[in-house]
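Q: quick one: sequence and predicted model below, then my questions.
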Amino acid sequence: AAQAAAVPARAAAARPVRRADPVPDGPNVVVIVLDSLRYDHVGANGNSWIRTPNIDALARESLRFTRAFPEAMPTVPARRSLLTGRRVYPWTNWKPTRNLPGTPGWTGLGAGEATWLKTLRAAGWWTGYVTDNPFLGFNPTWAPLRRSVDRFVRIGGQVGARRPASSISLASARHWLPRDMATDHYVSGMRQHLANLAGARDEREQCCARVFSNAIDVLASAKRARRPFALVVDCFDPHEPWAPVRKYRDLYLDGSYRGNEPGNVRYRPARYLTPEEQRRLPGLYAAAVTQTDAWLGHFLAALHDAPALVDDTAIVLLSDHGIVLGERGWTGKPALELHPELTHVPLLVRAPDRRRAGQSADYFSSPHDVGPTLLSITGVRRPSTMDGSDLSPLLAGGRPAQRRDFWFGGYANHWYYRDGRWALVADGNNRGRELFDLRKDPGERTNVAAQHLPLLDQIHTRVLKSARLSRLPYFGRS
């Protein structure tokens, strides 16, 4: 995601609201968001070289969705989708928002917009949100979210200054960047990031550690509320920049290496990386994933320390998008590379009674399905504005009411389409079209658009009909 404006790094919490309403009879809700976590970098999804033991343990208690694709990306659009329970893309009425990146889809949360957290709070649930996300936690356009819950804890470190940047040498900052990125802008940013991590030597100072440690404290507050609670733990890791501590790097990387670490990437073709930097990039990202998983494990352990509590709690884990680590010659999150490395995300839904534990579902799913699903599980009526699918019938062996034979979503000025046979990427003007035959080419390497021109038009028409539009949005190159 783009950088946020400089803001104080001090954690803040909204004042709890006293309630005299009757205590509802419903399960607790915990939603865990891990930013930029790829589907194929979760061990439970079949990638044996990635170590995510805590996510894997949660997957064994959950229904695992194998075709979860965000309908809106990246960071802020995906969270609007998650929190409002409705489609955000196509963003036909988007206008640039002050204090946010001027990229299509980026906007704040209006004070009058319905969210599933507001809905549960109105029904008597105690609500909390813990995050180090620089936009949701600190940006003024997201203040309505911060005011809408009983307790909001925002954690500095991804943005702001916990410690003076001068505590980190310029040489150290350059070491954590590809040689091509050792410009004043990136060096300054990495220097402050490393200072916020206390030099990346003590994992307790890592952002994920501080998020989940604070989440444990908020969980204690939720228990004391003596009513059902809904808690979101929104961790910006494993989003770049990456500087995981050595014990996690040593799981994947040669410790004798003394060259530049690719601790950050550009959203562009990967040729700016040296061959060695390119080789180390997947391992460094994997180390950040495993480190994040370890601290997620501490939070899940705290939840499981009270068996009666965890047996009355629905848990959802998901990500907003992935990241490209050199595949197809790209790095970062380029909007025109809407392939699984970027669009395919993990999604786990754990029912309180662990129905369908360890099983999988191939239903096309998205973050905007989370709210309707949780409201169904808690027995709370969902607002009419929510158009996401209630996934809970799948927990009972049924099917959701919404039939989804295909799926589409957008990022900036580009969109993607997927069904059981085809994957397509194009821009909002329906140009630059790339088509892939998933039966013959599951890795999406060979563009066969020129051989299937009528199919391209059929897919475009199908998406327009589903979106009830005559054309998709396009705001110029971005």
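A: Arrived safely, thanks for sending.
Q: check contacts around residue 378.
A: With contacts defined as Cβ atoms under 8 Å, 6 or more residues apart in numbering, residue 378 is in contact with 26-27, 29, 120, 123, 125, 228, 314. C-beta coordinates here come from the backbone N, C-alpha and C atoms, glycine included.
Q: mind running it again at 7 Å?
A: 26-27, 29, 120 (Cβ atoms under 7 Å, 6 or more residues apart in numbering).
Q: with residue 245 instead?
A: Per Cβ under 7 Å, 6+ apart, neighbours of residue 245: 200-201, 203, 206, 291.
Q: the longest helix in this protein is where?
A: helix 275-304 (DSSP state H).
Q: about what we covered before: and the contacts of residue 245, which is closest to residue 144?
A: Nearest to residue 144 among those: residue 206, at 29.4 Å, using Cβ to Cβ.
Q: ok, that closest one touching residue 291?
A: Yes - using Cβ atoms under 7 Å, residue 206 makes contact with residue 291 at a distance of 6.4 Å.
Q: least confident secondary structure element in this structure?
A: The helix or strand of the chain with the poorest confidence is strand 12-13; it has a mean of 43 (mean pLDDT, DSSP states H and E).
Q: make CSV out of the contacts of residue 378 and add secondary structure, pLDDT and distance to residue 261.
A: Shown next, in CSV, are the contacts of residue 378 (DSSP: H, G, I helix; E, B strand; the rest coil; pLDDT from 0 to 100; distance: Cβ to Cβ, whole Å):
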residue, secondary structure, pLDDT, distance to residue 261
26, coil, 88, 47
27, coil, 97, 43
29, strand, 98, 38
120, helix, 98, 42
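Q: state the pair within these that is farthest apart.
A: 27 and 120 (10.8 Å).
Q: what about the two, which has more around it?
A: residue 120 (24 against 21; other Cβ atoms under 10 Å).
Q: roughly how far apart are the closest residue in space to residue 406 that isn't next to it in sequence and residue 129?
A: The shortest distance from residue 406 to any residue other than its chain neighbours is 3.9 Å, reached at residue 419 (Cβ to Cβ, 6 or more residues apart in numbering). Taking Cβ to Cβ, to the nearest Å as the measure, residue 419 falls 35 Å from residue 129.
Q: so which of these two has more stuff around it?
A: The residue with more neighbours, out of residue 419 and residue 129, is residue 129; 28 against 16, by other Cβ under 10 Å.
Q: so that one sits against residue 147, correct?
A: No - in this structure, residue 129 is not within contact of residue 147 by Cβ under 7 Å, at 10.8 Å.
Q: need the next SSE after the host helix or strand of residue 171, C-terminal direction.
A: Per DSSP states H and E: residue 171 is located in helix 170-175. Next in sequence after helix 170-175, counting helices and strands by DSSP H and E, comes helix 184-196.
Q: which residues touch that following helix?
A: By Cβ under 7 Å, 6+ apart, helix 184-196 touches 157, 161-165, 167-168, 170, 172-174, 176-177, 200, 241, 243, 263-264.
Q: would you map the helices across the stretch 1-150 of the chain?
A: Taking DSSP state H, counting those that start in this stretch as the criterion, the stretch 1-150 of the chain carries its helices at 53-60, 75-84, 116-122, 134-138, 143-147.
Q: who touches the third one?
A: Taking contacts as Cβ under 7 Å, 6+ apart, the residues outside helix 116-122 that touch it are 29, 83, 85, 127, 148-150, 230, 371, 374-375, 378, 380, 382-383.
Q: go again using 8 Å as the cut-off
A: 29, 83, 85, 127, 129, 148-150, 230, 232, 370-372, 374-375, 378, 380, 382-383, 386.
Q: let's see which of the residues you listed end up in strands.
A: 29, 127, 129, 230, 232 (DSSP state E).
Q: contacting residues around the third one?
A: The one in question is residue 129. Each residue near residue 129 by Cβ under 8 Å, 6+ apart is listed here: 117, 136, 145-146, 149, 151-153, 231-232, 234.
Q: same question for the fourth one.
A: If a contact means Cβ under 8 Å, 6+ apart, then residue 230 has 28-31, 116-117, 120-121, 125-128, 374 as its contacts.
Q: mind putting those residues into JSON lines with distance to residue 250?
A: Formatted as JSON lines, those follow (distance: Cβ to Cβ, whole Å):
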{"residue": "28", "distance to residue 250": "37"}
{"residue": "29", "distance to residue 250": "37"}
{"residue": "30", "distance to residue 250": "31"}
{"residue": "31", "distance to residue 250": "32"}
{"residue": "116", "distance to residue 250": "41"}
{"residue": "117", "distance to residue 250": "39"}
{"residue": "120", "distance to residue 250": "42"}
{"residue": "121", "distance to residue 250": "44"}
{"residue": "125", "distance to residue 250": "43"}
{"residue": "126", "distance to residue 250": "41"}
{"residue": "127", "distance to residue 250": "40"}
{"residue": "128", "distance to residue 250": "35"}
{"residue": "374", "distance to residue 250": "39"}
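Q: just the buried residues out of the contacts of helix 116-122, in PyMOL syntax.
A: Buried members of the contacts of helix 116-122, defined by 16 or more other Cβ atoms under 10 Å, are picked up in PyMOL with:
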select buried, resi 29+83+85+127+129+148+149+150+230+232+370+371+372+374+375+378+380+382+383+386
